[in-house]
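> sequence plus the predicted model coming up.
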Amino acid sequence: MITISNIWRSAPSNTVLILQARYKSKTHWAKLKKKNSPKYKALNHFDEFYGSVFGNKWVSMKEALLRRSKYVAVVNNYGDAEQTMEYLSNRGAHCLKNLMSIQKEFHNQYNPQTETPPTENTKQNNLDNYIAKLQSEEISSIYPQGEDVPDNIEYSDKKFLRNSIQKDAKEKQVRSTSLNQAIEEAQIDHSRIIEPSMGLTSEALYQYVPATKLKGLDEWVPESLHYSFMTNNVDFPLAIEPETTFSYPEHLKVMSYEMNSDYDRFPEPKRCNTGVFNYYPMDCGSVLSVLALCLSPGDRVLDLCSAPGGKALVALQTLLPDVLVCNDVSISRCNRMDRIFRDYLMDFETGNKWHERVLITRRDGRDFTDDHGFDKVLVDVPCTTDRHSVMEDENNIFRADRLKERLRIPELQSQLLLNALRVVKVGGAVVYSTCSLSPAQNDGVVHSALKMAFQSNGIIATIRDISAPFRALSSTLNLGSGVVKPKYGQLIVPDIAANFGPAYVSRLVRIK
């Protein structure tokens, strides 16, 4: 677009000078591409969902989520452990065990007041209002405005909410048939046929029957179904008990910077004299999921979704498990896990003790079985990986071609947790963890899996409240409080002062 911005007239020669300026009338293609990128879609989704559920607290969480994440250093006991700890300590890092011990004494002495959590009704109402808004938008996008718009739509895909968590509810393969065979097998609804004898003036020609089940949407998964796992209905044994057996593993060495520290980055790991790397950098939330297992000497442990292997490596650094089974369904991720073990476990390729102690399996976690059972099971499930989703376009769950995969995430998570409850021994513990802030993927999945475990297998598990032992981490990271605090676990919330997470950790103990 060309616009005249200024006009000058010269008096002696009567000359007119016109200055033209070109203004852009269209948005540049690069900006349009940015707005349509998976990162942009993820951020918009989180703004709407988390803003509705968490209110004003989402603002600070979002700011931290968009910044560089923080890590801790898990010191390798199979390298130069003492030398590494001294090296990191000289750089301003502190031993996590010592930080927790000091903070625990402070809490015991002064008992500082924590934020009073809102009532469950308040939290549930926020989510219910958001789901109702989604359902209303879905109906209005399908039906024209009128008097015959249904209150809700029965989607054929809704069957996964009832049956998919059960192990035998696998999808049937679609049988390819010819057009003639399909026509022969088709069932005709004779009640809707208008006979010639009825005449062209029959009222049947003008009758309108609004649809409540859209056959054309058999493969469509509505956004609102993603949140249907969130419910307050308790029609199964549900108990929450305080955790009394927590203790920090004696041999686990984790170095971390304090909150608001001037230092927040560790140098690159180096090779030790033994040939392995001296420490493993990872998010502190991942360490907490291993701590929540409350490992004991001689434990037989299963890491159901183990790759890339960081949490399994932390479990081995405790020197407690006798057997650790590391399972993942992906070949490439299992290969990556194998490389990490070779980089951090001395003589992993050649040592017979590792072959007997660490087993790498490649099976679907929903179908994993074991004749002996496990003392502890870790289920770090696939999720929306919130931080990755707002920072990276590559392998982003909010890509358009992964829409159905994203909306079915709670279904997959519930199946994995249900099977973990099956393979753990009575008296054993299951730790469920995600790297998402979503209540649907966190408390919602725990609630749903416990319900299905009882209804389909007669399994009863109690939820162990790990608030008290995790309170000792208040000088290191930010735990969800108030409207952000979950009911069935702990939520590590991104914070500018301590930018770990997000991570959700819930501890379950099977009692029947």
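Noted; the coordinates are in hand.
> each with direction, which strands does the helix or strand where Tyr280 lies pair with?
According to DSSP states H and E, Tyr280 maps onto strand 279-282. When pairing is defined by DSSP bridges, strand 279-282 lines up against strand 72-75 (antiparallel).
> following the partner strand, which helix or strand shows up next?
Downstream of strand 72-75, the next assigned helix or strand under DSSP H and E is helix 81-89.
> show me the contact partners of that following helix.
For helix 81-89, contacts defined as C-beta atoms under 8 Å, 6 or more residues apart in numbering pick out 73, 75-76, 95, 253, 255, 266, 272, 278-279. Quick note: C-beta positions are derived from backbone N, CA and C, even for glycine.
> let's see that with 10 Å instead.
For helix 81-89, contacts defined as C-beta atoms under 10 Å, 6 or more residues apart in numbering pick out 73, 75-77, 80, 93-95, 251, 253-257, 266-267, 269-270, 272-273, 277-279, 317.
> poorly predicted segments of the stretch 401-512 of the chain, please.
Judged against pLDDT under 70, the stretch 401-512 of the chain has no low-scoring part.
> can you select the buried ones among the contacts of helix 81-89 for me in ChimeraX?
Those of these that count as buried under 16 or more other C-beta atoms under 10 Å are selected in ChimeraX with:
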select :73,75,76,77,80,93,94,95,253,254,255,256,257,266,269,272,277,278,279,317
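> which of the contacts of helix 81-89 fall within strands?
73, 75, 94-95, 254-256, 279 (DSSP state E).
> hmm, which two among the residues you listed are most spread apart?
By the measure C-beta to C-beta, His94 and Tyr279 form the most distant pair in these, at 14.2 Å.
> chain neighbours aside, what residue packs nearest to Leu345?
Tyr78 (5.8 Å; C-beta to C-beta, 6 or more residues apart in numbering).
> least confident secondary structure element in the chain?
Lowest on mean pLDDT, DSSP states H and E among the helices and strands of the chain sits helix 159-163, with a mean of 46.
> find the residue at the geometric middle of this protein.
With distances taken as C-alpha atoms, centre = their mean, Cys383 lies nearest the centre of the chain, 3.3 Å away.
> what separation do you get for Gly285 and Arg271?
27 Å (C-beta to C-beta, to the nearest Å).
> kindly apply the preceding question to Met61 instead.
Met61 sits 38 Å away from Arg271, going by C-beta to C-beta.
> which of those two has more residues huddled nearby?
Met61 (23 against 12; other C-beta atoms under 10 Å).
> that one contacts Val53, correct?
No - Met61 is beyond contact range of Val53, at 11.2 Å (criterion: C-beta atoms under 10 Å).
> just confirm Met346 contacts Gly275, I think it does.
Yes - here Met346 reaches Gly275: they are 6.7 Å apart, a contact under C-beta under 10 Å.
> who has more neighbours, the two?
Met346 (16 against 12).
> who are the neighbours in contact with that one?
76-79, 272, 274-276, 354.
> and those residues, which is closest to Ala42?
Ala42 has its nearest neighbour among the contacts of Met346 in Asn76, at 34.4 Å by C-beta to C-beta.
> show me what contacts the closest one?
Counting by C-beta under 10 Å, 6+ apart, Asn76 makes contact with 84, 253, 269, 272, 274, 276-280, 313, 316-317, 343-346.
> against Tyr280, how distant is it?
7 Å.
> which neighbours do these two share?
Joint contacts of Asn76 and Tyr280 (C-beta under 10 Å, 6+ apart) are 269, 313, 317, 343-344.
> tabulate those residues in CSV, adding columns for distance to Tyr40 and pLDDT.
CSV is the format used below for those (distance: C-beta to C-beta, whole Å; pLDDT from 0 to 100):
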residue, distance to Tyr40, pLDDT
Pro269, 34, 95
Leu313, 34, 97
Gln317, 39, 97
Asp343, 36, 96
Tyr344, 37, 96
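> need these in TSV with distance to Ala429, can you?
Below are the shared contacts of Asn76 and Tyr280 laid out as TSV (distance: C-beta to C-beta, whole Å):
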residue	distance to Ala429
Pro269	31
Leu313	20
Gln317	19
Asp343	29
Tyr344	25
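> give me the subset of those residues lying in helices.
Judged by DSSP state H, the shared contacts of Asn76 and Tyr280 include 313, 317, 343-344 as members of helices.
> now for those residues: which two are most distant?
The most distant members of these, if one measures by C-beta to C-beta, are Gln317 and Asp343, lying 13.6 Å apart.
> hey, what's in contact with both of these two?
Common neighbours of Gln317 and Asp343 (C-beta under 10 Å, 6+ apart) are 76, 280.
> for Glu243, which non-adjacent residue is spatially closest?
Arg464 (4.2 Å).
> and what of Gly92?
Tyr263 (4.3 Å).
> was I right about the one you found contacting Asn90?
No - at 11.1 Å, Tyr263 does not count as touching Asn90 under the criterion of C-beta under 10 Å.
> so, low pLDDT: which residues of the stretch 101-250 of the chain?
Using pLDDT under 70, the stretch 101-250 of the chain drops low at 112-124, 127, 130-131, 134-135, 137-232.
> tell me the pLDDT at Thr3?
Confidence at Thr3, expressed as pLDDT, is 56.
> rewinding a little: from memory the residue nearest to Glu243 sits against Cys294, does it?
Yes - the pair Arg464 and Cys294 passes the contact test of C-beta under 10 Å, sitting 8.8 Å apart.
> isn't Leu288 up against Ile492?
Yes - using C-beta under 10 Å, Leu288 is in contact with Ile492, at 6.8 Å.
> just the residues contacting the host helix or strand of Met100, thanks.
Using DSSP H and E, Met100 maps to helix 96-110. Contact with helix 96-110 is made by 72-74, 94-95, 112, 114, 248-250, 252-258, 284, 287-288, 291, 468-476, as judged by C-beta under 10 Å, 6+ apart.
> isn't there a strand covering Glu356?
No - using DSSP: H, G, I helix; E, B strand; the rest coil, the assignment for Glu356 is helix, not a strand.
> how about it, what does it touch?
322-323.
> swap in Trp58?
Contact analysis of Trp58 by C-beta under 10 Å, 6+ apart lists 46-47, 49-52, 65, 437, 483-484.
> may I ask which of those has the most neighbours?
Leu437 (31 neighbours).
> if we can go back for a sec, anything in contact with each of Leu288 and Ile492?
Shared contacts of Leu288 and Ile492 (C-beta under 10 Å, 6+ apart): 433, 470, 473, 477, 479, 500-501, 503-505.
> in helices, which of those residues fall?
Going by DSSP H, the helices hold Phe470 from the shared contacts of Leu288 and Ile492.
> going by distance to Ala453, which of the shared contacts of Leu288 and Ile492 wins?
Ser433 (17.8 Å).
> tell me what that closest one is bridged to.
Applying DSSP bridges to Ser433, the residues it is bridged with are Asp380, Val505.
> what is the burial count for it?
Ser433 has 27 nearby residues by other C-beta under 10 Å.
> what's the answer for Arg91, then?
Other residues close to Arg91 by other C-beta under 10 Å number 13.
> pull the contacting residues for the closest residue to Lys253 other than its chain neighbours.
Nearest non-adjacent residue to Lys253, counting by C-beta to C-beta, 6+ apart: Val75, 3.8 Å away. Counting by C-beta under 10 Å, 6+ apart, Val75 makes contact with 81-85, 87-88, 95, 251-255, 278-280, 317.
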